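Visitor: can you look at this prediction? I've put the sequence above it.
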Amino acid sequence: MRTQVGIIGAGPAGLLLSHLLHLRGIESVVLELRSRDHAEKRVRAGVLEQGTTDTLIEAAVGARLLREGLPHQGIELRYGGAGHRIAFEKLVPGRAITVYGQQEVVKDLITARLADGGDVRFEVDDVALHAIDSGEPYVTFGGERLDCDFIAGCDGFHGVSRPAIPEGVLTEYEREYPFAWLGILARVKPSAEELIYARTERGFALHSMRSPEISRFYLQVPPDEDIAEWPDDRIWAELKARLETVPGFVLATGEIIDKGVTPMRSFVAEPMQYGRLFLAGDAAHIVPPTGAKGLNLAVADVRLLTKALAHWYGTGSGDLLDGYSRACLKRVWRAQHFSWWMTTLLHTFDSEDAYAHRLQLSYLDYVTSSEAAATTLAENYVGLPYGSME
Ligand code: RFL
Ligand code: PHB
């Protein structure tokens with residue numbers, strides 16, 4: 001079997017790359033380990049930056065997003081008994097976020113690829129990459145062989161693409177955090193119109209949503225927390241304790257339809273390329289979810305990769321491919337800093353460290369009282385414009 005670009009992984013990065021390449025007349029085959037059902041049901045990100053929304057609409061996969069996505073013009077930071085709104089319409093006019101589940105993006109992309117006759121294969125075993133440092137790389141899987149011009153490693157943090165790069169080539173940067181997030185999806189009308197990031201002495205909590213009927217919540221918990229320790233009643237009691245901290249706010253509760261614990265990690269592997277293998281999305285970098293950046297970075301990577309591959313096929317020049325990693329990493333590192341900073345600002349760390357505690361409160365007071373500081377948060381949260389970073 002032969003294609004132009006072999007894509008490993010049918011997450012947002014791999015599927016969007018396949019779709020954008022198709023729009024430029026470039027063929028690809030997507031190889032996904034899990035089932036279609038699993039890929040479409042995995043509950044993950046929910047916040048799309050302005051640029052991500054624009055990309056999906058321009059690529060004609062935004063019809064449902066436009067209908068069902070919830071545009072938000074601000075977020076609330078809640079701490080010390082008060083809520084403070086970060087107002088995007090005032091601080092970053094014309095830029096906002098859209099709340100729309102990652103699995104909905106994945107569904108829309110799978111539907112579009114299959115409707116266009118795209119080759120997306122699910123439940124593919126034993127994917128292995130070969131000859132990536134030659135001009136004729138290939139992928140083997142389940143007894144088959146796929147020859148291609150390029151391989152895109154879009155298989156997430158635990159995939160096989162990054163480990164296919166020989167030892168010593170990549171520099172890896174990593175940070176772990178002394179907590180995890182317990183996330184739930186609940187059948188209940190959101191108790192607020194916008195997302196609430198709450199810092200309390202009991203730990204961080206986030207009130208997010210998916211639709212007018214479905215809410216999404218996260219709680220800071222110890223790392224490796226056993227979900228069995230968290231029956232529904234305990235989750236609601238803790239969410240109430242951390243969110244009902246301003247006068248008059250009452251948290252509505254309902255049936256919990258999904259729950260899980262997510263570890264928090266920051267990670268970057270540089271460069272994001274080796275020979276004919278290009279890494280994109282979580283395969284190359286991870287951020288803690290506090291900044292809502294992971295999915296958006298994956299989209300920014302594949303936009304650049306599409307442009308670089310189209311340049312190569314159109315002109316024979318490898319210039320943009322050679323600059324791919326450097327161009328991506330500027331945005332990646334900005335998002336690394338922002339995500340680390342939001343995490344540090346809002347979570348409860350070592351309660352013994354009174355000095356760090358006071359610094360945290362001081363920064364929260366600054367961000368909620370100075371327009372300059374609030375603008376920094378807002379422009380990073382809605383996402384810096386494409387072209388401003390590369
Ligand atoms: P994905 O989505 O992990 O997709 C990788 C795909 O590769 C497949 N795969 C393989 N396929 C073939 N062979 C193999 N050997 C393979 N190994 C793996 C996997 O099955 C999978 O289908 O990576 P991608 O495409 O780079 O997308 C990245 C995003 O998924 C991720 O960054 C976000 O979900 C992160 N994230 C958030 N990002 C945001 O932008 N905004 C948010 O609000 C946000 N919230 C979150 C998040 C991630 C979370 N979790 C669970 C990690 C909230 C949570 C709780
Ligand atoms: C979500 O809705 O899943 C979500 C929202 C904001 C975040 C992380 C996750 O920072």
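Guide: Here it is on my side, so go on. Ligands and ions are numbered 1, 2, ... in the order given.

Visitor: can you pull out the helices in this structure?
Guide: Per DSSP state H, the chain carries helices over the ranges 12-23, 36-41, 50-58, 63-68, 88-91, 102-115, 232-243, 294-315, 319-346, 354-367, 371-382.

Visitor: dump those to a markdown table, plus mean pLDDT.
Guide: Converted to a markdown table, the helices of the chain look like this (pLDDT from 0 to 100):
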| stretch | mean pLDDT |
| --- | --- |
| helix 12-23 | 98 |
| helix 36-41 | 95 |
| helix 50-58 | 97 |
| helix 63-68 | 97 |
| helix 88-91 | 98 |
| helix 102-115 | 97 |
| helix 232-243 | 98 |
| helix 294-315 | 98 |
| helix 319-346 | 97 |
| helix 354-367 | 94 |
| helix 371-382 | 98 |
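
Visitor: near ligand 1, which residues of the chain are found?
Guide: 8-14, 31-34, 39, 44-47, 102, 124, 127, 154-156, 159-160, 183, 262, 281-282, 289, 292-296, 298 (Cβ under 6 Å from any ligand atom). Backbone N, C-alpha and C define where each C-beta goes, glycine included.

Visitor: swap in 5 Å and give it another go.
Guide: Residues of the chain found near ligand 1, taking Cβ under 5 Å from any ligand atom as the criterion, are 9, 11-13, 32-34, 44-47, 127, 155-156, 159-160, 183, 262, 281-282, 289, 292, 294-296, 298.

Visitor: out of those residues, who's near ligand 2?
Guide: Taking Cβ under 5 Å from any ligand atom as the test, ligand 2 is in contact with Gly46, Val47, Pro289, Ala292 out of the residues of the chain next to ligand 1.

Visitor: so the first one versus Gly203, what's the distance?
Guide: Separation of Gly46 from Gly203 (Cβ to Cβ, to the nearest Å): 20 Å.

Visitor: then Trp230?
Guide: 13 Å.

Visitor: same check on Glu270?
Guide: From Glu270 to Gly203 the distance is 33 Å (Cβ to Cβ).

Visitor: how about Pro247?
Guide: 21 Å.

Visitor: on that earlier part again, of Gly46 and Gly203, which one has the most company?
Guide: Per other Cβ atoms under 10 Å, whichever of Gly46 and Gly203 has more neighbours is Gly46, with 23 against 18.

Visitor: pretty sure Arg187 contacts Ala252?
Guide: No. Counting by Cβ atoms under 8 Å, Arg187 stays clear of Ala252, with 10.6 Å between them.

Visitor: give me every residue that touches the one residue in the chain that gets nearest to ligand 2.
Guide: Here the chain gets closest to ligand 2 at one residue, Gly46, 2.7 Å apart by Cβ to the nearest ligand atom. Applying Cβ atoms under 8 Å, 6 or more residues apart in numbering, we find Gly46 in contact with Val99, Tyr100, Gly101, Gln102, Ser208, Met209, Arg210, Arg216, Ala292.

Visitor: how about the CA coordinates for stretch 261-278, as CSV?
Guide: Extracted as CSV, the C-alpha positions of stretch 261-278 are listed here (Å, rounded to 0.1, in the frame of the first residue of the first chain):
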residue,chain,number,x,y,z
VAL,A,261,-8.7,11.0,37.1
THR,A,262,-6.1,12.8,34.9
PRO,A,263,-2.5,13.3,35.8
MET,A,264,-1.0,16.7,35.4
ARG,A,265,2.2,17.0,33.5
SER,A,266,4.2,19.5,31.4
PHE,A,267,6.4,18.0,28.7
VAL,A,268,8.2,19.1,25.5
ALA,A,269,10.4,17.0,23.1
GLU,A,270,12.6,18.9,20.8
PRO,A,271,13.0,19.0,17.9
MET,A,272,9.6,17.9,16.7
GLN,A,273,11.1,16.2,13.6
TYR,A,274,13.5,13.5,12.7
GLY,A,275,14.2,12.7,9.1
ARG,A,276,10.9,12.1,7.4
LEU,A,277,9.0,11.8,10.7
PHE,A,278,7.1,14.9,12.0
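
Visitor: any idea of the mean pLDDT in that stretch?
Guide: Here stretch 261-278 scores 97 as its mean pLDDT.

Visitor: neighbours of the residue of the stretch 1-150 of the chain found nearest ligand 1, how many?
Guide: Closest residue of the stretch 1-150 of the chain to ligand 1, Cβ to the nearest ligand atom: Gly11 (2.0 Å). Counted with other Cβ under 10 Å, residues neighbouring Gly11 total 27.

Visitor: do Glu27 as well
Guide: Neighbours of Glu27 (other Cβ under 10 Å): 15.

Visitor: that older thread, which of the contacts of Gly46 fall in strands?
Guide: Val99, Ser208, Met209, Arg216 (DSSP state E).

Visitor: please report the distance of the residue lying closest to the first one once chain neighbours are set aside from Ile110.
Guide: It refers to Val99. Spatial nearest neighbour of Val99, chain neighbours left out: Leu70 (4.2 Å); criterion: Cβ to Cβ, 6 or more residues apart in numbering. Counting by Cβ to Cβ, the gap from Leu70 to Ile110 is 22 Å.

Visitor: JSON lines for the contacts of Gly46, including distance to Arg326?
Guide: As requested, the contacts of Gly46 are exported to JSON lines (distance: Cβ to Cβ, whole Å):
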{"residue": "Val99", "distance to Arg326": "32"}
{"residue": "Tyr100", "distance to Arg326": "31"}
{"residue": "Gly101", "distance to Arg326": "32"}
{"residue": "Gln102", "distance to Arg326": "27"}
{"residue": "Ser208", "distance to Arg326": "33"}
{"residue": "Met209", "distance to Arg326": "37"}
{"residue": "Arg210", "distance to Arg326": "36"}
{"residue": "Arg216", "distance to Arg326": "35"}
{"residue": "Ala292", "distance to Arg326": "25"}
